[in-house]
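Visitor: what follows is a predicted protein model with its sequence.
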Amino acid sequence: MNLLDRVIAQLSPRRGLDRARARAALDLVMNYRATTTGKRGSSWRRASSDADAASSRRNVLAYVARDMIRNSPFAARAQSVIANNVIGDGIVWKIQTDAKAKPIRKRLSAVLKRHFDTTDVDADGRQNLYGLQRLALNTIIDSGEVLVRRRRRRLGDGLALPFQLQVMEPDFIDTARDGLVAGVPEGNYVREGIEYNQIGQRVAYWLFPEHPGTNRPGARIYTSRRVPASEILHIYRQDRPGQMRGVSWFAPVALAIQDLADAQDAHLMRQKIAACFAGFRVAPEDDRIGDAANKDANGDDNPAGLNSISPGRIQNLRPGEDIKFSSPPGVDGFDAFAKMVLQSAAAGLGITYEALTGDLSNVNFSSARMGRMEMDRNVSSWQWLMMVPQMMQPIGRWTLEALQQVAAVQVPRDLELAWVPPHRMMVDPNREIAALRDKVKAGFASRQGVVRELGFDPEDITAEQIEDMAICVATGLRFDSDVNFQSQFAGDGGRAPATTNGDQNE
């Protein structure tokens with residue numbers, strides 16, 4: 001009991017007993033060790049703040065992450081691995097409509113290819129749609145969030161569709177605009193540069209016309225302008241309910257990666273010191289440093305001529321002379337330390353250690369596949385829970401609006417744009433394809449489901465197979481993939497001839 005409990009127990013034993021019972025019951029309820037307030041829990045930073053208040057210094061995190069990507073090979077590698085797996089060659093569009101007329105689909109495809117598959121879609125004229133996807137994801141990884149602005153264009157500007165996309169870093173948001181701001185409709189409020197209405201919907205963004213960190217000669221300090229939210233896509237990974245802005249993905253691992261970089265610098269310095277081979281001459285007492293007789297050809301003090309050591313040299317020493325060599329410090333344990341840090345960094349970023357480092361020395365098929373399966377789940381969630389719903393589907397709606405303005409294109413009423421992520425790379429194609437084939441044979445999966453699992457469009461695969469079969473029939477070519485061709489040799493154990501092409505009758 002503390003002093004207060006003892007005083008109360010002396011004055012009122014019953015009250016003191018009640019307090020002791022209540023304290024004992026409370027100790028039984030609060031049995032989570034993480035709630036301790038003792039020495040072991042002194043490093044916790046307990047805060048009841050919401051998601052955005054906890055990340056109020058997200059801009060500092062973004063600056064740190066960008067510096068790491070510029071200077072740390074592992075940070076740059078992590079960003080590249082995530083982008084390559086989530087975006088790859090691009091999350092491609094697919095036309096969905098019940099309209100069976102081939103000319104309609106063909107005209108729509110031609111328009112979309114001309115706009116999305118060229119740099120016409122980029123307001124800066126540098127990337128196609130898939131390059132913009134990668135650019136957006138790179139910004140999400142380092143800054144935690146990205147803005148994509150629709151730039152409306154005139155029909156006479158020579159574009160297939162009258163709009164372009166501009167990818168913008170979150171630095172464009174004027175976070176100084178906060179609270180009740182002049183020019184905001186009554187009832188609306190601004191929080192960190194984002195304007196909300198009375199029911200909490202985003203209605204506008206306050207953006208600078210240029211990046212506030214530009215060093216372009218003649219650049220001026222601009223006042224932010226109000227841009228309707230219908231023209232802006234704000235893309236980020238939402239980790240907590242009510243989170244309105246994103247946080248750099250490097251936040252949990254930044255210190256670890258920086259510690260590794262510092263340790264690498266120290267390790268290199270130790271290696272340089274260890275590589276130094278120095279000898280020290282112990283001179284006899286009769287040597288007089290500074291005498292002309294004890295100087296070498298360069299005029300330096302060198303009584304014994306030991307300024308340099310060459311291989312195979314035999315040096316006679318004068319009576320009383322001695323040579324001692326340095327013992328540089330050794331370097332031990334750095335590999336284990338570096339691996340531990342990189343493993344924790346990979347875990348914090350949601351990728352495998354092997355993908356982050358390229359170290360495959362301790363990997364077999366089973367371990368590589370298990371690690372890859374977990375990483376694939378993360379990649380799939382980033383695709384289908386972030387990139388597709390927050391970026392690609394809204395761009396699809398903008399595309400349908402733009403198609404309505406193009407008089408030369410007949411737009412079916414049920415037209416929709418679907419999005420297909422890049423196909424998943426296999427660890428061991430021979431084993432994995434056989435396993436997928438057995439799943440379909442056993443009825444545990446459909447052929448279309450397996451095709452989607454690999455990242456391909458089942459309709460496109462079917463259309464290409466039909467076209468291949470038509471070409472084979474027209475040319476007389478036969479391949480092992482032709483079931484009808486294989487069935488002709490069922491009586492011979494199912495073995496086809498050694499050749500896989502040529503005339504079937506030969």
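Guide: Great, that's in hand.
Visitor: with just CA atoms, put whichever helix or strand Q271 is part of into PDB.
Guide: In the assignment (DSSP states H and E), Q271 maps to helix 254-275. Taking Å, rounded to 0.1, in the frame of the first residue of the first chain, the C-alpha atoms of helix 254-275 are listed here in PDB:
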ATOM      1  CA  ALA A 254      13.800   4.500 -42.000                       C
ATOM      2  CA  LEU A 255      16.000   4.400 -38.800                       C
ATOM      3  CA  ALA A 256      17.000   0.800 -39.400                       C
ATOM      4  CA  ILE A 257      18.100   1.500 -42.900                       C
ATOM      5  CA  GLN A 258      19.900   4.600 -41.900                       C
ATOM      6  CA  ASP A 259      21.700   2.700 -39.100                       C
ATOM      7  CA  LEU A 260      22.800   0.100 -41.600                       C
ATOM      8  CA  ALA A 261      24.100   2.900 -43.900                       C
ATOM      9  CA  ASP A 262      26.100   4.400 -41.000                       C
ATOM     10  CA  ALA A 263      27.400   0.900 -40.000                       C
ATOM     11  CA  GLN A 264      28.500   0.300 -43.600                       C
ATOM     12  CA  ASP A 265      30.500   3.600 -43.600                       C
ATOM     13  CA  ALA A 266      32.100   2.600 -40.300                       C
ATOM     14  CA  HIS A 267      32.800  -0.900 -41.700                       C
ATOM     15  CA  LEU A 268      34.500   0.500 -44.800                       C
ATOM     16  CA  MET A 269      36.600   2.700 -42.600                       C
ATOM     17  CA  ARG A 270      37.600  -0.200 -40.400                       C
ATOM     18  CA  GLN A 271      38.500  -2.200 -43.600                       C
ATOM     19  CA  LYS A 272      40.700   0.700 -44.800                       C
ATOM     20  CA  ILE A 273      42.400   0.800 -41.400                       C
ATOM     21  CA  ALA A 274      42.800  -3.000 -41.400                       C
ATOM     22  CA  ALA A 275      44.400  -2.800 -44.900                       C
END
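Visitor: in it, what counts as buried?
Guide: Across helix 254-275, burial judged by 16 or more other Cβ atoms under 10 Å covers A254, A256, I257, Q258, L260, A261, H267. C-betas here are computed from N, CA, C, even on glycine.
Visitor: how close does the first one get to A20?
Guide: According to Cβ to Cβ, to the nearest Å, A254 and A20 sit 48 Å apart.
Visitor: which parts of the stretch 101-250 of the chain are helices?
Guide: Here the stretch 101-250 of the chain has its helices, by DSSP state H, counting those that start in this stretch, at 102-116, 129-143.
Visitor: off-centre distance for the first one?
Guide: Per Cα atoms, centre = their mean, to the nearest Å, the displacement of helix 102-116 from the mean C-alpha position of its chain is 32 Å.
Visitor: can you name the residues in contact with that helix?
Guide: 93, 95, 97, 99, 120-121, 128-129, 159-161, 399, 403, 406, 408-412, 415 (Cβ atoms under 8 Å, 6 or more residues apart in numbering).
Visitor: list buried residues within these.
Guide: So, by 16+ other Cβ under 10 Å, the buried ones in the contacts of helix 102-116 are 93, 95, 97, 99, 120-121, 128-129, 159-161, 399, 403, 406, 409, 411, 415.
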